[in-house]
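Engineer: Show me how the following folds:
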Amino acid sequence: MTSFEIKSTLGIAFIYILRMLGLFIVLPIMSLHLTDLSEYSSTFMIGLAFGMYGLTQALFQIPFGILSDKFGRKKMILLGLFIFLVGSIFIYFSQSLIMIIIGRGLQGAGAISAVLLALLADLTTDSARTKSMAIIGASIGLTFGISIVLSPILNSYLGFENIFLMIAILTLIAMGVLIRYIPAPINLAKNKDNKTSYQQVIFDKVFLKLDLGIFSLHASQIIMFMMIPVMLNNIGYPIKYHWQIYLPVFVLSILAIVPMILLSSKKQMLKTFFLGSIILLILVQYLFINWSDNKQNIMIILLIYFIGFNFLEATLPSLISRLSPKNLKGLVLGAYNTSQSLGIFMGGILGGFIASRYGNQAIFIVSALFLLIWLFTMIKFIFPANRKDLVLKINPKFFLLPKSLTDEIYKKINRLEFVEETLIFPSESYIIIKSKNDLTLDQKKIIKILGEKYAIS
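Structural biologist: Okay, here's the model as predicted:
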């Protein structure tokens with residue numbers, strides 16, 4: 001990865017981390033807090049509070065993605081962060097379960113996850129994207145880990161409502177990072193007038209398999225974490241000490257997936273690790289039913305869970321972005337994140353219903369069924385090979401040339417048969433050349449067109 005790609009990835013990861021806190025920070029404490037909030041807090045209503053965020057995310061992911069394809073990624077991300085900010089402040093002032101459910105819906109309506117991933121795909125080469133998406137995926141896992149560690153502590157010292165005030169402040173910081181540090185490219189993609197219909201893209205079998213995957217992954221997660229805090233309480237481990245279980249487990253899982261990600265990329269073993277991770281998550285459901293009667297066993301089960309979950313969370317966005325049509329990335333990633341959000345919503349609603357009707361063990365059986373269905377659909381899935389793209393650091397003097405001259409140079413580059421699209425970053429003095437899947441990029445030809453005195457690296 002180049003320094004430009006690293007900077008872009010870390011900036012987007014930072015925004016992603018702050019954004020996902022809105023979901024994850026309350027997972028370990030919400031069910032317990034809302035039970036005490038009112039005598040009318042039924043299991044179904046608590047499940048609705050869990051899932052409402054996912055429902056509104058699902059409704060707005062595709063519109064945000066489509067609008068970002070038309071009007072630019074940064075504008076839509078800024079709008080989504082503002083809506084999320086309003087929702088966080090609303091929850092801070094909430095006095096009832098209904099108001100909290102409405103506030104969670106507002107938070108989810110700022111549905112920018114797809115747009116963030118589309119922007120990252122714009123800012124990285126294909127070979128670096130797996131690593132970049134892995135960083136994003138790891139940041140989601142890191143956010144989840146930080147949330148379940150800090151949530152009980154913050155709840156003890158700040159209180160439930162003040163956690164959302166903290167989230168509102170962090171959202172303002174994220175807006176500042178977006179404006180100040182994240183570049184917006186000039187995209188010179190070929191064939192911008194893509195005639196592929198939205199329906200064809202959304203219902204493509206390849207994308208549907210990955211959409212099913214993110215749906216199942218997050219439905220399973222929400223279902224499980226409606227029960228895990230209760231299980232820990234039941235074995236005599238109060239909520240304020242839950243972080244002592246989550247922290248070491250999460251750190252060890254991050255260390256475990258680093259070699260998995262590197263091997264899956266370098267040794268072309270992605271399919272093996274991918275399917276293996278799904279199998280690990282299915283095993284976790286069995287272990288929770290039959291082997292979770294003490295703290296040590298639960299810690300081991302959670303370690304297995306986080307290894308599988310974090311690897312899949314890191315690789316799924318990379319797969320979907322690499323396979324997406326260049327001019328419809330916002331749409332494809334919008335559908336993908338809609339599936340994720342529907343999984344969150346379904347997990348919340350279904351988890352609450354099943355727990356109230358059939359007991360704790362049924363929670364893990366349903367979770368396993370989601371994962372089994374996904375596993376069978378992925379067995380024959382063809383995983384894409386890495387493409388060779390090019391990032392060039394350009395002498396800033398190049399961008400001072402007459403616009404007519406630079407435009408002609410860009411056109412010559414874009415006319416090369418092996419070039420898929422060209423992305424220009426004048427403020428950063430970078431150009432990214434993305435190649436077609438079946439063709440080798442000729443760096444010498446590109447440098448010759450640019451002029452050797454302008455191409456620094």
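Engineer: Which SSE is immediately downstream of the helix or strand of the chain with the lowest mean pLDDT?
Structural biologist: Among the helical and strand segments of the chain, the one scoring lowest on mean pLDDT, DSSP states H and E is helix 27-37, with a mean of 66. Sequence-wise, the next helix or strand downstream of helix 27-37 (DSSP states H and E) is helix 43-71.
Engineer: and that following helix, what does it pack onto?
Structural biologist: Here helix 43-71 is seen to pack against helix 27-37, helix 73-92, helix 97-109, helix 113-123, helix 205-234, helix 329-358 when contacts are counted using 3 or more C-beta pairs under 8 Å, 6 or more residues apart in numbering; DSSP states H and E. Every C-beta, even on glycine, is put in place using the N, C-alpha and C of the backbone.
Engineer: Buried residues in that helix, which are they?
Structural biologist: Residues 43, 45-69 are the ones in helix 43-71 that count as buried (16 or more other C-beta atoms under 10 Å).
Engineer: now the helix or strand where residue 422 lies: how far from the chain's centre is it?
Structural biologist: Under the criterion DSSP H and E, the helix or strand holding residue 422 is strand 419-425. Distance, stretch centre to chain centre, for strand 419-425: 25 Å (C-alpha atoms, centre = their mean, to the nearest Å).
Engineer: For it, buried residues please.
Structural biologist: Neighbour counts using 16+ other C-beta under 10 Å place 419-425 of strand 419-425 among the buried residues.
Engineer: Counting by contacts, list what it packs against.
Structural biologist: Contacts defined by 3+ C-beta pairs under 8 Å, 6+ apart place strand 419-425 against strand 186-187, helix 403-415, strand 430-435.
Engineer: Kindly reformat those as JSON lines containing mean neighbour count, mean pLDDT and distance to residue 250.
Structural biologist: Written out in JSON lines, the entries for the helices and strands packed on strand 419-425 read as follows (neighbours: other C-beta atoms under 10 Å; pLDDT from 0 to 100; distance: least, C-beta to C-beta, whole Å):
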{"stretch": "strand 186-187", "mean neighbour count": "13", "mean pLDDT": "70", "distance to residue 250": "37"}
{"stretch": "helix 403-415", "mean neighbour count": "13", "mean pLDDT": "85", "distance to residue 250": "45"}
{"stretch": "strand 430-435", "mean neighbour count": "23", "mean pLDDT": "80", "distance to residue 250": "34"}
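Engineer: and residue 241, which of those is closest to it?
Structural biologist: Of all the helices and strands packed on strand 419-425, it is strand 430-435 that lies closest to residue 241, at 48.0 Å by C-beta to C-beta.
Engineer: Near residue 203, how many other residues are there?
Structural biologist: Taking other C-beta atoms under 10 Å as the criterion, the count of residues near residue 203 is 12.
Engineer: How much space separates it from residue 24?
Structural biologist: As judged by C-beta to C-beta, to the nearest Å, residue 203 and residue 24 stand 30 Å apart.
Engineer: just to revisit the earlier point, each with direction, which strands does the strand holding residue 422 pair with?
Structural biologist: Counting by DSSP bridges, the strands paired with strand 419-425 are strand 186-187 (antiparallel), strand 430-435 (antiparallel).
Engineer: what about the last one, distance to the chain center?
Structural biologist: Averaged C-alpha coordinates place strand 430-435 at 24 Å from its chain's average position (C-alpha atoms, centre = their mean).
Engineer: Show residues contacting the helix or strand following that strand.
Structural biologist: Using DSSP H and E, the helix or strand that follows strand 430-435 towards the C-terminus is helix 443-450. Counting contacts by C-beta atoms under 8 Å, 6 or more residues apart in numbering, the residues outside helix 443-450 that touch it are 390, 392, 394, 398, 409, 412-413, 416, 431, 433, 455.
Engineer: what is the rounded mean pLDDT of helix 443-450?
Structural biologist: Computed over helix 443-450, the mean pLDDT rounds to 85.
Engineer: Residue 322 reaches residue 384, doesn't it?
Structural biologist: Yes - in this structure, residue 322 is within contact of residue 384 by C-beta atoms under 8 Å, at 5.5 Å.
Engineer: ok, the two, which is more surrounded?
Structural biologist: More neighbours sit around residue 322 than around the other of residue 322 and residue 384, counting by other C-beta under 10 Å; the figures are 18 against 13.
Engineer: Tell me how far the more buried one lies from residue 281.
Structural biologist: With C-beta to C-beta as the criterion, residue 322 and residue 281 are 23 Å apart.
Engineer: can you list the strands paired with strand 419-425 in a markdown table and add distance to residue 131?
Structural biologist: Conversion of the strands paired with strand 419-425 to a markdown table gives the following (distance: least, C-beta to C-beta, whole Å):
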| stretch | distance to residue 131 |
| --- | --- |
| strand 186-187 | 22 |
| strand 430-435 | 15 |
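Engineer: give me the number of residues near the nearest residue to residue 150 once chain neighbours are set aside?
Structural biologist: Taking C-beta to C-beta, 6 or more residues apart in numbering as the measure, residue 150 lies nearest to residue 243, with 6.9 Å between them; neighbours along the chain are not counted. A count of neighbours around residue 243, defined by other C-beta under 10 Å, yields 19.
Engineer: Pull the contacting residues for residue 243.
Structural biologist: Going by C-beta under 8 Å, 6+ apart, residue 243 touches 148-153.
Engineer: Then residue 362?
Structural biologist: Shown here is residue 362, whose contacts under the criterion C-beta under 8 Å, 6+ apart are 354-355.
Engineer: try residue 388
Structural biologist: If a contact means C-beta under 8 Å, 6+ apart, then residue 388 has 126-127, 435, 440-441 as its contacts.
Engineer: before we move on, the earlier item: make a markdown table out of the helices and strands packed on strand 419-425 and add distance to residue 6.
Structural biologist: A markdown table is the format used below for those (distance: least, C-beta to C-beta, whole Å):
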| stretch | distance to residue 6 |
| --- | --- |
| strand 186-187 | 21 |
| helix 403-415 | 24 |
| strand 430-435 | 12 |
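Engineer: Can you check which of the ones you listed gets nearest to residue 306?
Structural biologist: Sorting the helices and strands packed on strand 419-425 by C-beta to C-beta, the top spot, which is the nearest, belongs to strand 430-435 at 33.5 Å.
Engineer: Let's see that closest one as CSV, backbone CA atoms only.
Structural biologist: The C-alpha trace of strand 430-435 is given here as CSV (Å, rounded to 0.1, in the frame of the first residue of the first chain):
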residue,chain,number,x,y,z
TYR,A,430,-1.6,11.5,-7.0
ILE,A,431,-3.1,9.6,-10.0
ILE,A,432,-4.6,6.1,-9.6
ILE,A,433,-4.8,3.9,-12.8
LYS,A,434,-7.2,0.9,-12.5
SER,A,435,-6.7,-1.9,-15.0
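Engineer: ok, and what's touching that strand?
Structural biologist: Looking at strand 430-435 with C-beta under 8 Å, 6+ apart, the contacting residues turn out to be 2, 4, 123-126, 185, 326, 387-394, 413, 418-425, 441, 446, 450.
Engineer: if you set the cut-off to 6 Å instead, what comes out?
Structural biologist: In this structure, residues lying in contact with strand 430-435 by C-beta atoms under 6 Å, 6 or more residues apart in numbering are 4, 387-392, 394, 418, 420-424, 441, 446.
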